[in-house]
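*Asks:* Could you work out the structure for the sequence below:
(2 chains)
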Amino acid sequence: GNSVTQMEGPVTLSEEAFLTINCTYTATGYPSLFWYVQYPGEGLQLLLKATKADDKGSNKGFEATYRKETTSFHLEKGSVQVSDSAVYFCALSDPNTGNQFYFGTGTSLTVIP
Amino acid sequence: NAGVTQTPKFQVLKTGQSMTLQCAQDMNHNSMYWYRQDPGMGLRLIYYSASEGTTDKGEVPNGYNVSRLNKREFSLRLESAAPSQTSVYFCASRDRISNQPQHFGDGTRLSIL
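*Replies:* Numbers count the residues shown, from 1 in each chain, chains lettered A, B, ... in the order given. Alright, predicted model coming up:
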């Protein structure tokens, strides 16, 4: 079946530190992959996406590369800011129908000044 | 530019009461979804509607019913609320045909006593 496994949190970093949040997936086929971000009291917002192997999604300084050989889609940012404090979710779309999305459990990030 | 609108934002129910959570989108999306979010469990799909006139069960459908009223609206009903249904509920929509990501509402925080 389809599933997403994400790095457990919470993660606490100092401002300007390097961020990596690991995400691996299991899917029967070639799904599209997504990172969503959730700020307190809000819904999820799309951060970036990649639709095929070796694609790199990027947005607001965040990047993730679709690695088919390692079934991974790790989120990275070179220099985090306090405003990046949020919960981050990795997700994939059903490769066969595209109807369903499967989410990881979320990783909480706190950036301290 | 409303996007996905959920009502109500907060609700407290007593065990056994019924209620309907409303969701409407103004992006002309064909697919709509209901999720619940619980601590440490990420988002779990309750029901989805791939297109107007169709609904399908997700991962955790028991205790819920849905209605795709028209292309814009997708409601979630709890017939007899139980404390285990205390959660944050999110509605999402997407344009499945063009393989777009999901857009989320801000959530309904539901407590069942």
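*Asks:* any idea how far the nearest residue to residue B:78 once chain neighbours are set aside lies from residue B:95?
*Replies:* Leaving aside its sequence neighbours, residue B:78 sits nearest to residue B:19 (CB to CB, 6 or more residues apart in numbering or on different chains; 5.6 Å). C-beta coordinates here come from the backbone N, C-alpha and C atoms, glycine included. Residue B:19 sits at a distance of 29 Å from residue B:95 (criterion: CB to CB, to the nearest Å).
*Asks:* same check, this time on residue A:37
*Replies:* Residue A:37 is 21 Å from residue B:95, by CB to CB.
*Asks:* got it, and residue A:84?
*Replies:* Taking CB to CB, one finds residue A:84 at 28 Å from residue B:95.
*Asks:* Ok, residue B:69 next?
*Replies:* Residue B:69 is 19 Å from residue B:95, where distance means CB to CB.
*Asks:* go on, residue A:66?
*Replies:* In terms of CB to CB, residue A:66 sits 21 Å off from residue B:95.
*Asks:* List the contacts of the residue nearest to residue B:78.
*Replies:* B:11, B:13, B:77, B:78, B:81 (CB atoms under 8 Å, 6 or more residues apart in numbering or on different chains).
*Asks:* Write out the residues of chain A neighbouring chain B.
*Replies:* Residues of chain A lying close to chain B by CB under 8 Å from any CB of the partner chain are A:32, A:34, A:36, A:41-46, A:49, A:51, A:89, A:93, A:97-101, A:103-106.
*Asks:* Strands - which of those residues land there?
*Replies:* A:34, A:36, A:44, A:45, A:46, A:49, A:89, A:93, A:101, A:103 (DSSP state E).
*Asks:* Wait, residue B:79 touches residue B:18, no?
*Replies:* Yes. Under the criterion of CB atoms under 8 Å, residue B:79 makes contact with residue B:18 at 5.3 Å.
*Asks:* now the residue in chain A positioned nearest to chain B, nearest residue through space, not along the chain?
*Replies:* Residue of chain A nearest chain B, by CB to the nearest CB: residue A:43 (3.5 Å). Nearest non-adjacent residue to residue A:43, counting by CB to CB, 6+ apart: residue B:104, 3.5 Å away.
*Asks:* close enough to count as contact, that neighbour and residue B:89?
*Replies:* No. In this structure residue B:104 lies outside contact range of residue B:89 using CB under 8 Å: 11.0 Å.
*Asks:* quick one on the thing from earlier: in the ones in strands among the residues of chain A next to chain B, find the pair that's most separated.
*Replies:* A:45 and A:93 (16.6 Å; CB to CB).
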